[in-house]
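**Q** sequence unavailable; structure follows:
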């Protein structure tokens, strides 16, 4: 029912007068209609933060993204979980774009599997027993479990390779000294992917394809990253690359060559060169530059290290039984979430990789004086209009916390890092109605747009 | 580029002749273009099933939904995980429709929290220690953790209640005798929700609203359920309802009254009446009927049982400090997934709650003889066309496994339970092009439709 706007507003006032006598209004929440994305529904926290030298940790704790639980474990508050779920969807999309299939494996893994690969004595394993005294670990990674499962598929026809399986699940690591919230926690979200190929050539093609996809993911996240040669360590294999986000708080030391682009983790570099502080590029002999990085991804070409233990064979076109060649590929999902914010933010303001912002648009109605209900009504109309755009479904929130001043709400929206903040204020009441929009990542100034201009601007935002 | 169809097909043949010499074709996969939802990408399993009296367990194991890991733990294969993720989205949608906010809490919980509520000695708790010898359990439920967190928010303004927080995460239970795959496992997906209200009246309003939402969820899943009074057991509180799916393999005994509709778990009924096999309804005194059910949801009004232990207060309008009234609400997500299939399926054929089918449409191209490539090309066009419908994005799969006969693929699509199976066969080659569609849940007969009719039919399917 579209009434002339004057008439609508008087009906609205009448409605509000009625609803004020309604028991629901005792809750003190502004009587918003259908809109369910509103800040007043969020738990009101009183975060003091933890002492930390890590900007993103402080920002996450002060801005209702995380809430501390115990050493190395955090609760994701609603905004934090929204960002995490977006990152998960982005990774799903890119993994499935190269034909990978998503599965989910249990967290508990039988000790016997880890004993077969000789990894049971890894000190970071959390171990436990069930009531039958059987031993398990909580998986920090799943090479053993997946290889054991695939071995039970029987001999795989060569036509069905490569197999690329991945999961995005909670992993566990008994860190002696958890640090920097999600950057080094004891429970974390990881995307782990396992591939099975016919031979070294195709396995390395698969390896390149997945590394390319990792690059694409970091590019979509607007993150400056370095792909460097990595050590194979406990995972094993003969070829490995790390994806590092350059950052002062990074725990990895990496060397990169500005001449030829080659990069390497310090672990692969001659300790004598490192000590002398004079590292030359193994490819072009130029001097390499030292920096710190946060490791956010890792690719390993495993060869037959695991397939030979668990007997994963394929049947060749001549019906020979041949060991599959494996690779494994990790992305630290929760670590990327925080590391991305670490490298993009200022000390005071969260700046998300734009695609990951918990909401793309935050509408802030002025809430003071006689016109409060009008501001709220216009905000609700705007919410409906914007949420109806195909790209903004579930991407708009109204900050309807009537006890906070508009200035305080704008400040918080800015620190929480919404890419677009729309203020419904006095200029929105007069004809022509103008909406104030702030795009903090681009400019600290506001612009005033008409509804059509606002919709044009926001309808082209990419969302995930 | 739209070419006349004759010309398109000759170009295609040329293209296929070229691609056959390409190394990628050595993989033996049909050279499908953009389409990434194709059965040939799935891991080829050789499932033999486990011995079970449980239909859904056998169906899940024979049809590549689950793969056994160890007692009480299963791997979700790609189709199973797709169904689980749909159920998760459905629950998210309904929870957020009533203003609940999604969070995520760690799996490991400090022993000290469970000791405070006296629940540390629960025999089903998995317990473990970290390297500092600190004790934890793996959470089977999170009352302790969330109440402890919310207590740290400080005194909550009454205007901000109710608070409704939920998560959908892996829970752990050390079952002595795991049974029936996901129905009684040791790791499972649960939606657990916790609410905080001002007083008993509002807490019971919240309780009713959430029970209504549970009913709505089961209705959307087409599941016949019974809501019965339940015992409060280890969780505590004074009021509780269970949501039960009637089934012969259900482990719960429930009594329901056909007169007044009241129902109750046997645990609440006088054992003497139970023994005499003559139970009368506590409401209307009619005779009650006995049946078995699978418990899939549970609501508890907790009062101040937990808030008083952890000191969760709100500030009233007169600034008094008053304990919040809590409720907790569980949905066995992975259990619903399997129990839904248990009650809807036949011995041979999976019948999903329609919204949860891994794909809504399975396209099966005939693959024999000279016209194979034409069948495949038409299938790909159809895939593009259907996937382009707003409701069918990511809901269409092509079964391109060229080594399987079309009959075998149709049979498998039927046993795996796709609601719509479209066969591209000889009638699709001739003008007017007719597509064979099977909707197994409705009829065992096929219908033949034109492309426009097919699109009309499929564009109105509800998806999640």
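**A** Perfect, I can see it now. Values in this document were obtained by computation on a predicted structure and should not be read as measured data.
**Q** from here on, just use CA atoms for contacts and neighbour counts.
**A** Will do.
**Q** before we move on, what SS does the closest residue to residue A:247 other than its chain neighbours have?
**A** Distance criterion Cα to Cα, 6 or more residues apart in numbering or on different chains; nearest residue to residue A:247, sequence neighbours excluded, is residue A:293 at 5.2 Å. Secondary structure assignment for residue A:293 (DSSP: H, G, I helix; E, B strand; the rest coil): strand.
**Q** report the beta-bridge partners for residue A:293.
**A** residue A:246, residue A:252 (DSSP bridges).
**Q** and what of residue A:136?
**A** residue A:110, residue A:128.
**Q** domains in chain A, by residue range?
**A** Under automatic domain parsing, the residue ranges defining each domain of chain A are A:13-37+A:359-458, A:66-344.
**Q** relative to residue B:136, which of those domains is closest?
**A** domain A:66-344 (10.5 Å; Cα to Cα).
**Q** quote the end-to-end distance of the closest one.
**A** 18 Å (Cα to Cα, to the nearest Å).
**Q** what's the end-to-end length of stretch A:414-428?
**A** For stretch A:414-428, the end-to-end distance is 21 Å (Cα to Cα).
**Q** and for stretch A:89-103?
**A** 14 Å.
**Q** so the residue nearest to residue A:247 makes contact with residue A:244?
**A** Yes. Counting by Cα atoms under 8 Å, residue A:293 touches residue A:244, with 5.2 Å between them.
**Q** what segments of chain A are helices?
**A** For chain A, the helices defined by DSSP state H cover A:5-20, A:55-62, A:78-97, A:111-116, A:143-151, A:200-220, A:271-276, A:307-310, A:333-344, A:372-387, A:406-416, A:426-429, A:451-458.
**Q** wait, residue A:341 touches residue A:353, no?
**A** Yes. Assessed by Cα under 8 Å, residue A:341 is found in contact with residue A:353 at 7.1 Å.
**Q** out of the helices of chain A, which gets nearest to chain B?
**A** helix A:78-97 (5.0 Å; Cα to the nearest Cα).
**Q** what does stretch A:268-286 rub up against?
**A** Contacts with stretch A:268-286, where a contact means Cα atoms under 8 Å, 6 or more residues apart in numbering or on different chains, come from A:229-231, A:255-257, A:259-260, A:262, A:266, A:287-289.
**Q** how does it look with 10 Å?
**A** With contact meaning Cα atoms under 10 Å, 6 or more residues apart in numbering or on different chains, stretch A:268-286 is reached by A:229-232, A:254-264, A:266-267, A:287-290.
**Q** can you turn the buried part of those into a PyMOL selection?
**A** The buried subset of those, as determined by 16 or more other Cα atoms under 10 Å in any protein chain shown, is captured in PyMOL by this line:
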select buried, chain A and resi 229+230+231+232+254+255+256+257+262+263+264+266+267+287+288+289+290
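**Q** quick one on the thing from earlier: so which of the domains of chain A comes closest to residue B:168?
**A** Each of the domains of chain A has some distance to residue B:168 by Cα to Cα; the shortest is domain A:66-344, at 11.3 Å.
**Q** quick revisit: what would the helices of chain A look like in a markdown table with mean neighbour count and mean pLDDT?
**A** A markdown table is the format used below for these (neighbours: other Cα atoms under 10 Å in any protein chain shown; pLDDT from 0 to 100):
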| stretch | mean neighbour count | mean pLDDT |
| --- | --- | --- |
| helix A:5-20 | 13 | 40 |
| helix A:55-62 | 23 | 95 |
| helix A:78-97 | 19 | 97 |
| helix A:111-116 | 16 | 98 |
| helix A:143-151 | 21 | 97 |
| helix A:200-220 | 17 | 97 |
| helix A:271-276 | 11 | 93 |
| helix A:307-310 | 18 | 98 |
| helix A:333-344 | 24 | 98 |
| helix A:372-387 | 20 | 93 |
| helix A:406-416 | 18 | 95 |
| helix A:426-429 | 16 | 92 |
| helix A:451-458 | 14 | 97 |
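**Q** want to throw those into a markdown table with distance to residue B:157?
**A** A markdown table is the format used below for the helices of chain A (distance: least, Cα to Cα, whole Å):
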| stretch | distance to residue B:157 |
| --- | --- |
| helix A:5-20 | 19 |
| helix A:55-62 | 19 |
| helix A:78-97 | 19 |
| helix A:111-116 | 49 |
| helix A:143-151 | 49 |
| helix A:200-220 | 41 |
| helix A:271-276 | 58 |
| helix A:307-310 | 58 |
| helix A:333-344 | 31 |
| helix A:372-387 | 21 |
| helix A:406-416 | 18 |
| helix A:426-429 | 29 |
| helix A:451-458 | 35 |
